[in-house]
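> got a predicted model here, sequence first, then my questions.
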Amino acid sequence: MKSTINLQKLKGLLLANGLLAVVLAAPGIAVAAGTGTASVDDIKDTNYSVPAGAIFVAPDGKDSNTGKSYDSPLSVNKAIASAPSGATIVFKGGVYRNVDTGISKKLTLQAYPREKPLLKGSIEVTGWAAEGNIWRKDGWMYSFTPNMDSENIDPNYPMAGYRDMVYVNGVSLKQVASKAEVTSGTFYLDSANRQLYIGDNPTAKVVEATALLSSLRMSKNASSDPSNTIIRGLGFAHYADRAITVGAPNITFENNTFVWNGQNGVWLFGGSDHILRGNIFSYNGRNGVSGGNMDRILVEENTFSYNNVERFNTKWDAAGIKIARTDGLIFRNNIVENNFSTGMWMDISSSNATVVNNTVRHNEELGIFFELSHKAIIAGNVAHHNNVGIIIADSSNARVYNNTLSLNNQQILVKDSIRENTNLEEKAAGITWITSNNVIKNNILSDAEDTAINASGCRPSALMIANSDYNAYYRPLSNVQPILSKWSLSSSQCLVKYLSLTIFNSATGFEQRGLSVDNVAINPFFVDEVNGDYRLKSGSSAIGRGEMLPADIASAIRVAPGVPVDLGALQSKVVLVQ
């Protein structure tokens, strides 16, 4: 049975029964959960206009064709090589098997209207020979051994770094370390003898195996400038490393689909001013998107789901999306869900991040992670059923406002370690890697499994958190877990547990205007927490109880400044602005 990946994006706002709710549409793509399906049916339906002078390509395009009409398409590699700067290349629908090229000039690559092109890094494999209860392909020429450091590998999943992939009728097989281990659902590559083994009978089935590292590569240098290239409406699957590598500025990805690539859907290793809008990043081996050393990146209305299927080390960098060393990242209106890892991760001297109006749920590790960084607005997000909803680690000046956190193991975690930045220029800019001056206000922290706010550790919490107030807490039972707060009062009192908001306020001075609802069976805030409806119910005590927002935070979550707000992410009555 196929399950639908929720391609939910912010569609608008409506007034219903007095509640102004964020409406999330879910057109979705059908991807067989956990199997490896990647077909043209998965690609988003787009309808981009075809400009005069466009160049046409097709899976069966020929270099001898003109490329000037739908009926005379070129091959992709020929079109990209011969197109003038500024040209638009239009992809007819179907499966492309041999796209492996660099882009050295500004181009627009887009789907033909209502057609679905899928670029695959795999080839179809035939000519199998039975060998006992398994099957063997001789003369196999491809091998993708590990190319990353050992810290990326979880010892429980030692084959994660091997980027070979095999699919039988669209079902992904698990790679094993020896021929003796091959059974149904697995494969083994004997690269020394150029033999590929599978445990499933390939007769009358389509067997695909990865043959390419990547599809498109963009770098800016003395002989290449693909700046301002646009890629939209295309699908990318089965590439051993990453589908697309970017090292040039101003690249736009819109309404593309990146699924079942060995490591990353997209790797951004330089350049700035990129836009990622409306894309699907799902079932990639390690990250949906990974990148760093770039500024002013806009990531909006994308879906990041089921990434890290190869089970790389979740403590190192596996995530739905991980960006490091970036200034001015905007991450808004995305769905980040069901990743076998952290959901979204900002790391290593990132600054001035804006993380707003996202839905972050059911991620195996952390929901929103701000690490070793400085200055962030984290506001208006709904984070539920993660190990930790929001975590601030070795970071300063993060302002955490009006988030809805529900049913996470820990709702908010603030911590500090011995790490300290040695870069004098970064330290002068405030990027110290010391947890300090963080603010937590107007959030709803509902029904944590363990702790609502954990700021324990041997750095006093008051040095890490400048202010925590106007937050609302709900616990069905207050005399057992969840703990309302774990706090550090001093270096000798590193872990103090508070079950009562009143006692916490008296001991720390924080949460003077906080709200706690305990020992109530039905959630007092939301329409239906159990089924994921986080709108505030009529009469909720969270309505109108929030502190007025600073102008920049109000602008970031598109709430009119200077007006009372509700607690949590979904506002019921305030005027929203475009």
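In hand now; what should we look at?
> ok, Ala324 to Asn302 distance?
18 Å (C-beta to C-beta, to the nearest Å). All C-beta spots, glycine's among them, are computed from the backbone N, C-alpha and C.
> again with Asn387
From Asn387 to Asn302 the distance is 22 Å (C-beta to C-beta).
> check Gly367 too.
16 Å.
> now Ala130
In terms of C-beta to C-beta, Ala130 sits 44 Å off from Asn302.
> more neighbours, these two?
Taking neighbours as other C-beta atoms under 10 Å, Ala130 and Asn302 compare with Asn302 leading, 29 against 11.
> the more buried one and Val266 touch, don't they?
No - using C-beta atoms under 8 Å, Asn302 makes no contact with Val266, being 10.4 Å away.
> what about Ser305, how many residues close to it?
What Ser305 shows, counting by other C-beta under 10 Å, is a neighbour count of 27.
> was I right to think it contacts Ser341?
No - using C-beta under 8 Å, Ser305 makes no contact with Ser341, being 11.3 Å away.
> so what sits against both of these two?
Common neighbours of Ser305 and Ser341, using C-beta atoms under 8 Å, 6 or more residues apart in numbering, are Gly320.
> hang on, the earlier thing: shared neighbours of Asn302 and Val266, which are they?
What both Asn302 and Val266 touch, as defined by C-beta under 8 Å, 6+ apart, is the set Leu276, Phe281.
> and the residue nearest in space to the middle of the chain, what element?
Here the mean C-alpha position of the chain is nearest to the C-alpha of Gly320 (C-alpha atoms, centre = their mean), at a distance of 3.0 Å. Assigned by DSSP states H and E, Gly320 belongs to strand 319-327.
> which neighbours does whichever helix or strand Ile378 is part of have in its sheet, and in what orientation?
According to DSSP H and E, Ile378 maps onto strand 374-379. Strand pairing for strand 374-379, determined by DSSP bridges: strand 351-356 (parallel), strand 396-401 (parallel).
> so how far is that strand from its chain's centroid?
18 Å (C-alpha atoms, centre = their mean, to the nearest Å).
> now swap in stretch 123-138 and tell me
Worked out by C-alpha atoms, centre = their mean, stretch 123-138 lies 37 Å from the chain centre.
> contact partners of that stretch?
97, 140, 166, 179, 182, 194-202, 206-209, 211.
> 10 Å - rerun?
95, 97-98, 139-140, 142, 166-168, 179-180, 182-184, 186-190, 193-203, 205-212, 238 (C-beta atoms under 10 Å, 6 or more residues apart in numbering).
> pull out the buried residues from these.
For those, a burial check counting by 16 or more other C-beta atoms under 10 Å picks out 95, 97-98, 140, 142, 166-168, 182, 186-189, 195-200, 202, 207-212, 238.
> and those, which of them are in strands?
95, 166-168, 186-189, 195-198, 207-210 (DSSP state E).
> mind listing what Ser488 touches?
Neighbours of Ser488 in contact, by C-beta under 10 Å, 6+ apart: 414-416, 454-464, 494-496.
> wait, isn't Trp487 in contact with Gly509?
No - at 11.3 Å, Trp487 and Gly509 do not qualify as touching, with contact defined as C-beta atoms under 10 Å.
> so what sits against both of the two?
Ala462, Ser468.
> which one's more surrounded, the two?
Neighbours were counted for Trp487 and for Gly509 using other C-beta under 10 Å; Trp487 has more, 26 against 12.
> got a pLDDT number for that one?
Reported pLDDT at Trp487 in the predicted model: 97.
> for it, give its distance to Ile465.
9 Å.
> show me whatever sits in contact with both of those two.
By C-beta under 10 Å, 6+ apart, Trp487 and Ile465 have these common neighbours: Ile453, Ala455, Thr508, Phe510.
> quick one: which of those residues has the most company?
Scoring the shared contacts of Trp487 and Ile465 on neighbours with other C-beta under 10 Å, the highest-scoring entry is Ile453 at 31 neighbours.
> tell me the bridge partners for that one.
Ile412, Ser485.
> so how far is Leu499 from it?
Taking C-beta to C-beta, one finds Ile453 at 13 Å from Leu499.
> okay, and the common contacts of those two?
Ile483, Leu484, Ser485.
> would you agree the last one is in contact with Asp450?
No - with contact defined as C-beta under 10 Å, Ser485 does not reach Asp450; the gap is 11.4 Å.
> more neighbours: these two, which one.
When neighbours are counted by other C-beta under 10 Å, Ser485 and Asp450 differ, and Ser485 comes out ahead with 28 against 15.
> residues contacting Glu208?
Applying C-beta under 10 Å, 6+ apart, the residues near Glu208 are 36, 38, 95, 97, 120-125, 165-170, 172, 237-238.
> the same query, at a cut-off of 8 Å, please.
Counting by C-beta under 8 Å, 6+ apart, Glu208 touches Lys120, Ser122, Ile123, Glu124, Val125, Val166, Tyr167, His238.
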